[in-house]
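A.B. asks: the sequence and its predicted three-dimensional model are supplied below.
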2 protein chains.
Amino acid sequence: MNKQLLFVKRPTGDADASTWSLVSNPIPTIKEGEVLIQQHYVSLDPAMRGWMNDAKSYIAPMEINSVMRAGSVGQVIESNNHPKFKVGDYVAGYAGVQQYIATEGEGYYKVDPNLAPLPTYIGTLGMTGMTAYYGITEVGKIKEDDIVLVSGAAGAVGSIVGQVAKIKGCRVVGIAGGADKCKYVVDELGFDACIDYKNENVKDRIKEECPKGLDVYFDNVGGEILDLALGRLRMHARIVICGAISQYNNKTAMKGPSNYLSLLVNRASMTGMVVFDYADRYAEGAKILGGWMAQGKLKSKEDIYEGIENFPETYNRLFSGDKMGKLILKIIEE
Amino acid sequence: MNKQLLFVKRPTGDADASTWSLVSNPIPTIKEGEVLIQQHYVSLDPAMRGWMNDAKSYIAPMEINSVMRAGSVGQVIESNNHPKFKVGDYVAGYAGVQQYIATEGEGYYKVDPNLAPLPTYIGTLGMTGMTAYYGITEVGKIKEDDIVLVSGAAGAVGSIVGQVAKIKGCRVVGIAGGADKCKYVVDELGFDACIDYKNENVKDRIKEECPKGLDVYFDNVGGEILDLALGRLRMHARIVICGAISQYNNKTAMKGPSNYLSLLVNRASMTGMVVFDYADRYAEGAKILGGWMAQGKLKSKEDIYEGIENFPETYNRLFSGDKMGKLILKIIEE
């Protein structure tokens, strides 16, 4: 059978168990030109919360009763004369939270589990890594000696953003929740410093760690921390708006950055980014990040849970912060 | 005697008569290498409110008991071997709200009253015009057929921004307060449309006038209107943050743009600008704007009041909106 997680109810505020429904259906049969993919891993991302809203965004809202949207990686186990993929191929794409999918393969691409572990292809070598790499280089426009602040520094995107900025010769300060995460960010990932927003005064600590101010702030969280970063900009600073996890579950209006006139004072910019715009450069980005991984310059950390039935509680870790690195769910049953 | 307006008290909220004190002092005597300038006109700008705050900004805060800072234009009436200016020259600079100044002339430049009326040099051919021109072309990066929304459209900067955008082939919609201003903006300045924020539903009207959304929003006002513009961005739109007049007199925290995640959805940017960054291009900008004025393509409108003692009430017109075009005070007594 094919276990599928359906999105059945748009949440107000936090998503919870009533948001999804786990169903079992027969494994689909494939038509001419299709493949059957058995899915191994799905990616969990804060962006999922946005997809649940019935609002104009960079991607269409999920429809009620559709399979929960998710990036995924799996293996082709049947092919009906597919022109590109053959049985045994590993492929990544957006197959959603279900164990099998019959597809013509549009939007899927082959990955090689001998070059990197399979989960990496939906993390550091997938959308997560591409978001981090193109966000900090193309939108953040980092250059040597820039002072870079990254929120969500122990998270999937933030951890790569900071490591890329270090490789490029920047001074990199992270913000993360808790002493353990901060220790990991500095000791394991090599950030110059990390601010524990749960236990430290973030305003004072940014000032302490970045006495000259910030050239780039890579924002994954929004809210209060975005305002504090705005308050420390240097001239011509760039803020990359990648996400706003602190605001995704708001039941009331989003908090706008009240310090935004710092953009005027400092002739700075705040620019939004969506990774899909770099689709034609994913191969290039993956090659660069994969090269750094092979050289030991870039660490890819995945936090992998198991069981499609555990999706809701695993999803909650995105917002509770109870995870380290890229959150992934293994959904294949062995 | 030299009447001078001193800045004597930092306001909380609105500035009022107690903010300034009018004093009379002897006309200064000039030292070797100095000139004595008799001032004709001073410029009144919303930015003045920001200069009054004791806060880090793009320019040092005004000191208590200093002459009120203002752009100005006047005539050299004495010279003590000044290397550059001679008696009779008209010069523009930042001499502040006072009738005479003795200066070495740093930051002053010669203007020609035969080419354009004197007040124009602190308006369309001065900082105001330069702000508008470089703001909309360099920061807004307008190109033909862009859909451009301009707040403060009947104001000093906004009226030029919109006219420049029209000259460059854009569709230009203004926002202004009151039917008279809107009529002026469309009939006299040639904007394609103008939204009366005092009497119309701005959200609906933006949608109506810009059904495809906005490529550029030039913001002079901040607040609610910035949020409405954010809600109508097209892909890769640019927001130019030139000012936030709706927020300058706040006694409480500034209202941040709660729709700022539209920057992410639309891969758009919000960039601050300060005209001083274009100082080495003022001559170029003034030549371009002056050329358009001479060809009748660009209208320069000044709203001129008289009497240095009337500065406080004239200043209030900046925020009450009771003025049309560039607000100027004539301070020479004839």
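C.D. replies: Alright, I've got the coordinates. Residues are numbered from 1 along each chain as shown, chains lettered A, B, ... in the order given.
A.B. asks: switch to C-alpha atoms for all contacts and neighbour counts from now on
C.D. replies: Will do.
A.B. asks: interface residues of chain A facing chain B?
C.D. replies: Contact residues, chain A versus chain B (CA under 8 Å from any CA of the partner chain): A:57-58, A:241-244, A:253-274.
A.B. asks: hmm, try it at 6 Å
C.D. replies: A:57-58, A:254-258, A:263-265, A:267-273 (CA under 6 Å from any CA of the partner chain).
A.B. asks: got a PyMOL select line for the buried ones in the residues you listed?
C.D. replies: One line in PyMOL is enough to select the buried ones among these; burial here means 16 or more other CA atoms under 10 Å in any protein chain shown:
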select buried, chain A and resi 58+254+255+256+257+258+263+264+265+267+268+269+270+271+272+273
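A.B. asks: which one is the residue in the stretch 101-250 of chain A that chain B sits nearest to nearest to, not counting chain neighbours?
C.D. replies: Nearest residue of the stretch 101-250 of chain A to chain B: A:Ile241, at 6.1 Å (CA to the nearest CA). Nearest non-adjacent residue to A:Ile241, counting by CA to CA, 6 or more residues apart in numbering or on different chains: A:Gly272, 4.5 Å away.
A.B. asks: just A:Leu289 next, same as before
C.D. replies: In space, A:Leu289 is closest to A:Leu125, 6.9 Å off (CA to CA, 6+ apart).
A.B. asks: can you classify the one you found by secondary structure?
C.D. replies: The three-state label given to A:Leu125 by DSSP: H, G, I helix; E, B strand; the rest coil is coil.
A.B. asks: excluding its backbone neighbours, what's nearest whatever residue of the stretch 51-200 of chain A ends up closest to chain B?
C.D. replies: Residue of the stretch 51-200 of chain A nearest chain B, by CA to the nearest CA: A:Tyr58 (4.8 Å). The spatial neighbour of A:Tyr58 that comes closest, neighbours along the chain excluded (CA to CA, 6+ apart), is B:Val265 at 4.8 Å.
A.B. asks: now that neighbour: phi and psi?
C.D. replies: phi -50, psi -40 (degrees, to the nearest 10).
A.B. asks: residues in contact with the residue positioned nearest the centre of chain A?
C.D. replies: Centroid check for chain A by CA atoms, centre = their mean gives A:Thr128 as the closest residue, at 4.2 Å. Shown in contact with A:Thr128 (CA atoms under 6 Å, 6 or more residues apart in numbering or on different chains): A:Val157.
A.B. asks: quick check: which element contains it?
C.D. replies: helix A:127-134 (DSSP states H and E).
A.B. asks: after that helix, next one along is what?
C.D. replies: By DSSP H and E, the next helix or strand past helix A:127-134 is strand A:147-151.
A.B. asks: avg pLDDT for that following strand?
C.D. replies: Here strand A:147-151 scores 98 as its mean pLDDT.
A.B. asks: packing partners of that strand?
C.D. replies: strand A:171-176, strand A:214-219 (3 or more CA pairs under 6 Å, 6 or more residues apart in numbering or on different chains; DSSP states H and E).
A.B. asks: alpha carbons only: can I get the last one in CSV?
C.D. replies: Once side chains and other backbone atoms are set aside, the C-alpha atoms of strand A:214-219 remain, and they are given as CSV (Å, rounded to 0.1, in the frame of the first residue of the first chain):
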residue,chain,number,x,y,z
LEU,A,214,26.8,44.7,9.9
ASP,A,215,27.4,44.5,6.1
VAL,A,216,25.0,41.7,5.6
TYR,A,217,22.1,40.3,7.7
PHE,A,218,20.7,37.0,6.4
ASP,A,219,17.2,36.8,7.9
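A.B. asks: angle of that strand against helix A:127-134?
C.D. replies: Note on geometry: by axes from the mean of the first three to the mean of the last three CA atoms, to 10 degrees, strand A:214-219 and helix A:127-134 are set 160 degrees apart in direction.
A.B. asks: mind listing the helices for the stretch 51-200 of chain A?
C.D. replies: A:127-134, A:156-167, A:179-183 (DSSP state H, counting those that start in this stretch).
A.B. asks: which one of the ones you listed lies closest to B:Asn114?
C.D. replies: helix A:127-134 (53.9 Å; CA to CA).
A.B. asks: and the closest one, what's buried?
C.D. replies: Applying 16+ other CA under 10 Å to helix A:127-134 flags A:Met127, A:Thr128, A:Gly129, A:Met130, A:Thr131, A:Ala132, A:Tyr133, A:Tyr134 as buried.
A.B. asks: got the CA coordinates for it in CSV?
C.D. replies: Only the C-alpha atoms of helix A:127-134 are listed here, as CSV (Å, rounded to 0.1, in the frame of the first residue of the first chain):
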residue,chain,number,x,y,z
MET,A,127,16.9,23.4,-2.2
THR,A,128,18.3,24.1,1.3
GLY,A,129,21.8,24.5,0.1
MET,A,130,20.8,26.4,-3.0
THR,A,131,18.8,28.8,-0.9
ALA,A,132,21.8,29.4,1.3
TYR,A,133,24.4,29.6,-1.4
TYR,A,134,22.5,31.9,-3.8
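A.B. asks: run the chain-centre distance for it.
C.D. replies: In terms of CA atoms, centre = their mean, to the nearest Å, the centre of helix A:127-134 is set 8 Å apart from its chain centre.
A.B. asks: got the angle between it and helix A:156-167?
C.D. replies: 40 degrees.
A.B. asks: right, I'll call it a day here.
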